[in-house]
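Participant: what follows is a predicted protein model with its sequence.
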Amino acid sequence: MGFPERFLWGAATASYQIEGAVAEDGRGPSIWDTFSHVPGNTVHGDNGDIADDHYHRLDEDLDLMARLGLGAYRFSVAWPRVQPDGRGRPNQAGLDFYRRLLEGLRRRGITPAATLYHWDLPQGLEDQGGWAARETAERFAEYAEIVARELGEGIGLWITLNEPWVAAWMGYGTGRHAPGRSEIGLALAATHHLLLGHGLAIQALRGELGEEALLGITLNLAPVHAHGDSESDRLAQRLVDGNLNRLFLDPLFRGRYPEDMVEHYREKRPGLGVLREGDLETIAAPIDFLGVNYYSPRNVVALERVKDGVAPAGLAALAQRAESRASRDRPIAEELGAAEVWPLHLDTSAMGWTIEPEALTELLLRLHAEYGPRPLYITENGTAVNDYADPEGRVVDPERIAYLDSHLRAAQAAIEQGVDLRGYFTWSLLDNFEWSLGYSKRFGLVYVEYSSQRRIPKASFDWYREVVAASALPTTGAVAMEVQP
């Protein structure tokens, strides 16, 4: 059950979710600082002011990475730590923190994988329009050039953006994420400017780092399954796939937006009116790899088939799920005429997402067939579990072990069918601030006791350490492992 030679094993985090120290050493406010302090925006009013206090506990967390045996660590650089207002001269104290991180990784033999943007836009840029404004894409390229010049040596993988769909559609379309704006036209403009910012950043990185640097982008992608055979169900499937997947993949790898989505948005909205001549060529600049974040597929029916929150037989509807915040997701659902549903026979995670590892194989094969072949990395994959520390100080999480095991087997099945998958980063190294869900969900291999900041490696930590060491999965399947307190 081995993986290819030189397969890269890693774990991932994001700056706002773990760092804390939001007002130290010259860091400016981000849109998540602003958003999370507005009552009602996050569960329990949680925010990232302290998070995992990673900023002050860097060496402890680096030692955990070494203990885990990681080949690579994916982190994100906080733009407001480097440029507090999103423009101008860099903040050296902020850069020094990432220099310490990079040096600590090098000493431990761990390859750095740097994400330039994981949603913490400087508030100063949002005040000027944020990603709905073209200038933000231009400022992002300047920021990328600074990071490359100041921190470039030794970074193994460069990722421009993390999940631009989430940044655009949850930040500007539904308002569930920062900056909390809710207008489909803004989401479309943000989509284009995020992709344009990626293309401009690729130019800036190439200029600073040369052709040897490995540059890419990370998208949250998922198969979209229709649960019904009607024409309206198939249309809902096509539009959700277009919005989530093709609206990003096509411009990146085909140099154009998908025609059906352009027509759809032209009919209902001003559409992609922010597009200018030459933009698509910039967006489609060659990259060295695609990062794939996968958790669960999308299962949909036509919105008209979900009446008063009640789905067809065998399915659970969005409005029936207490934590779905269905009313805030409705702008996209109404725009696409699609309702997300959950097949009742499938297991779900603590997030309420269905667990379908075979859909990961399906996704990787599709990317290989339609947009490749090209090098791929799974840059996030993991599951939320209702973890707790028992009286002996142990955190035993067999559900997470089973999830990781099944999804790694699904990835292996894709490799066996020719997919050029070069690495896997589990989400996440640490329990952390889970955006609008605050600290209510735990994805980490390491349990964080937030009141004391004590770190407790979970059973899944020990399981993953064994997988990484062998670069292979157990032949007998997932087995929950005991951990020492």
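Facilitator: Structure received.

Participant: select the longest helix from the chain.
Facilitator: When the chain is parsed with DSSP state H, its longest helix is helix 184-209.

Participant: so after that one, what's the next helix or strand?
Facilitator: As assigned by DSSP states H and E, the chain's next helix or strand after helix 184-209 is strand 215-220.

Participant: same question for the helix or strand following that following strand, mean pLDDT?
Facilitator: Next along the chain after strand 215-220, taking DSSP H and E as the criterion, comes strand 224-226. The average pLDDT for strand 224-226 rounds to 97.

Participant: what pairs with strand 224-226, parallel or antiparallel?
Facilitator: According to DSSP bridges, strand 224-226 has the following sheet partners: strand 298-302 (parallel).

Participant: list the contacts of the strand it pairs with.
Facilitator: 222-228, 230, 232-233, 235-237, 240, 244, 311-312, 315, 337-343, 354 (C-beta atoms under 8 Å, 6 or more residues apart in numbering). In this view, the C-beta of every residue, glycine as well, is placed from N, C-alpha and C.

Participant: before we move on, what about stretch 130-143?
Facilitator: 31, 79, 82-83, 86-87, 116-117, 121, 125, 128-129, 167-168, 171-172, 179, 181, 186, 189-190, 193-194, 196-197, 200-201, 203-204, 274.

Participant: OK, contacts around Ser144?
Facilitator: Not quite, residue 144 is Ala, not Ser. Leu116, Thr160, Leu200, Ala201, Ala204, Leu205 are the contacts of Ala144 under C-beta under 8 Å, 6+ apart.

Participant: where does it sit, in terms of helix or strand?
Facilitator: helix 134-151.

Participant: give me the next element, helix or strand, following that helix.
Facilitator: strand 157-162.

Participant: so what's the gap between that following strand and the chain middle?
Facilitator: 11 Å (C-alpha atoms, centre = their mean, to the nearest Å).

Participant: other SSEs contacting it?
Facilitator: strand 72-76, strand 111-117, helix 184-209, strand 215-220, strand 289-293, strand 376-380 (3 or more C-beta pairs under 8 Å, 6 or more residues apart in numbering; DSSP states H and E).

Participant: give the pairing partners of the second one; include direction for each.
Facilitator: As defined by DSSP bridges, the strand partners of strand 111-117 come to strand 72-76 (parallel), strand 157-162 (parallel).

Participant: Gly210 is nearest to which of those?
Facilitator: Closest to Gly210 of the strands paired with strand 111-117, according to C-beta to C-beta: strand 157-162, at 12.0 Å.

Participant: one step back: just the buried residues from the contacts of stretch 130-143, in PyMOL please.
Facilitator: Buried residues among the contacts of stretch 130-143 (16 or more other C-beta atoms under 10 Å), as a PyMOL selection:
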select buried, resi 31+79+82+83+86+116+117+121+125+167+168+171+172+179+181+186+189+190+193+194+196+197+200+201+204+274
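
Participant: just want the angle from the helix or strand of the chain with the lowest mean pLDDT to helix 184-209.
Facilitator: Scoring the helices and strands of the chain by mean pLDDT, DSSP states H and E places helix 326-336 at the bottom, with a mean of 77. Interaxial angle, helix 326-336 versus helix 184-209 (axes from the mean of the first three to the mean of the last three C-alpha atoms, to 10 degrees): 90 degrees.

Participant: mind listing residues that contact helix 326-336?
Facilitator: Contacts of helix 326-336 (C-beta under 8 Å, 6+ apart): 169, 173-176, 182, 184, 236, 239-240, 243, 268, 303, 309, 318-319, 339-340.

Participant: which among the residues you listed end up buried?
Facilitator: Counted by 16+ other C-beta under 10 Å, the contacts of helix 326-336 give 169, 173-176, 182, 184, 236, 239-240, 243, 303, 318-319, 339-340 as buried.

Participant: if we can go back for a sec, tell me the angle the helix holding Ala144 makes with strand 215-220.
Facilitator: Using the same axes, to 10 degrees: helix 134-151 against strand 215-220 is 130 degrees.

Participant: buried ones in helix 134-151?
Facilitator: 134, 136-137, 139-148, 150-151.

Participant: low-confidence stretches in the chain?
Facilitator: 318-328, 476-485 (pLDDT under 70).

Participant: let me see the contact set for Asp347.
Facilitator: Thr354, Ile355.

Participant: when you give positions from now on, start the count at 24
Facilitator: In the new count, where the first residue is 24, that last one comes out as Asp370.
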